[in-house]
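> Structure for the following, please:
(one chain, ligands or ions: 2)
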Amino acid sequence: MSRKKNLKGKGSSKSSIASPNKSSNNGKSGNGIGSVAPSNGVVYPSRPSVSSSGEFYDMAFKVMLVGDSGVGKTCLLVRFKDRAFLAGSFISTVGIDFRNKVLTIDMLKVKLQIWDTAGQERFRSVTHAYYRDAHALLLLYDVTNKASFDNIKAWLTEIHDYAQQDVVIMLLGNKADATHDRVVKREEGESLAKAFGVPFMETSAKSGLNVELAFTAVAKELKHRSIKEPDDPKFQLQDYVNKEMKTAGCCSS
Ligand SMILES: Nc1nc2c(ncn2[C@@H]2O[C@H](COP(=O)(O)OP(=O)(O)OP(=O)(O)O)[C@@H](O)[C@H]2O)c(=O)[nH]1
Ligand SMILES: [Mg+2]
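Numbering: from 1, shown residues only. Ligands and ions are numbered 1, 2, ... in the order given. Purely as a prediction, here's the structure:
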């Protein structure tokens, strides 16, 4: 079994603007999520690769976090990657940045390269360049900010214009912990998601609510799309999420 070292990319420092085609593998095209991501994301299940942290993985996918400035994209990623919450003053992301995390999904190592984009309008043209390589998009709004919810339709139009047609999209209502400041009901998020045919759940980067689940669900969907055994039933992302989901107020992680 040959083993390849092909992905040395590590999340660049905050406020970096990475090149969409070179940052993931130091410019070398290869089996991973290189210059143009393979449409199904599979590296080669029989030939694991090794990530920058030294972890082997069987397949790799690009996931992008998008949504208005301040909805909690960076905090969601930090919660998922480091199990920590960035409390204190809000430092808006400049450009785009990424972090890698390897998950075990049904006995396979699935590497997610997670791109944290800047929500501010002035960086929109930078992020557009990254959409086409994304296998999945986590689209966030803030349940305490009605404008961020109202802007979801515009974000979906943007995704439609720039992303691959078969990109996996999941809508996340973040800051579900902030019960006193909430202005968007959970049901409103659910019906918007239903109207657009995308899976939905509420999350909290602060408490950790459903954060792991959001990324795991997307990784499972991508893995199922990549490796279809003839007898495998179709993976239903929303059903999986509904089964696993914890609702705000009930649990902390
Ligand atoms: N209560 C609460 N606050 C949160 C949560 N997630 C993020 N925040 C706060 O919201 C603010 C914005 O969070 P960021 O993660 O930086 O927002 P962002 O979407 O990355 O913003 P841009 O980088 O400008 O696009 C910060 O002050 C966070 O502490 C959450 O789940 N609950
Ligand atoms: Mg940010």
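> residue boundaries of the strands in the stretch 151-253 of the chain?
Here the stretch 151-253 of the chain has its strands, by DSSP state E, counting those that start in this stretch, at 168-174, 200-202.
> Near ligand 1, which residues of the stretch 101-250 of the chain are found?
Listed as neighbours of ligand 1 in the stretch 101-250 of the chain under the rule C-beta under 6 Å from any ligand atom: 118-120, 174-175, 177-178, 204-206. Any C-beta I mention is one placed from the backbone N, CA and C, and that applies to glycine too.
> Tell me, how many residues neighbour Phe85?
By other C-beta atoms under 10 Å, 17 other residues sit near Phe85.
> what is the mean pLDDT for the host helix or strand of Arg124?
Per DSSP states H and E, Arg124 falls inside helix 124-131. Averaged over helix 124-131, pLDDT sits at 92.
> Is it positioned near ligand 2?
No - applying C-beta under 5 Å from the ion, one finds helix 124-131 separated from ligand 2 by no less than 11.5 Å.
> and the stretch 151-253 of the chain, which residues reach ligand 2?
Counting by C-beta under 5 Å from the ion, no residue of the stretch 151-253 of the chain is near ligand 2.
> where in the stretch 151-253 of the chain is pLDDT low?
Within the stretch 151-253 of the chain, the segments meeting pLDDT under 70 span 247-253.
> Just the closest residue of it to ligand 2, please.
Nearest to ligand 2 in the stretch 151-253 of the chain, going by C-beta to the ion, is Ala205, at a distance of 10.7 Å.
> Any figure for the gap between that residue and His180?
Here Ala205 is placed at a distance of 17 Å from His180 (C-beta to C-beta, to the nearest Å).
> So for these two, which sits in the more crowded spot?
A direct count of neighbours by other C-beta under 10 Å for Ala205 and His180 places Ala205 higher, at 26 against 5.
> Excluding chain neighbours, give the residue nearest to that one in space.
The shortest distance from Ala205 to any non-neighbouring residue, by C-beta to C-beta, 6 or more residues apart in numbering, is to Cys75 (3.6 Å).
> so what's Glu244 up against?
Applying C-beta atoms under 8 Å, 6 or more residues apart in numbering to Glu244 gives the contacts 213, 217.
> Swap in 7 Å and give it another go.
Leu213 (C-beta atoms under 7 Å, 6 or more residues apart in numbering).
> same deal with Val78?
84, 86.
> Which secondary structure state is assigned to it?
Following DSSP: H, G, I helix; E, B strand; the rest coil, we place Val78 in the helix state.
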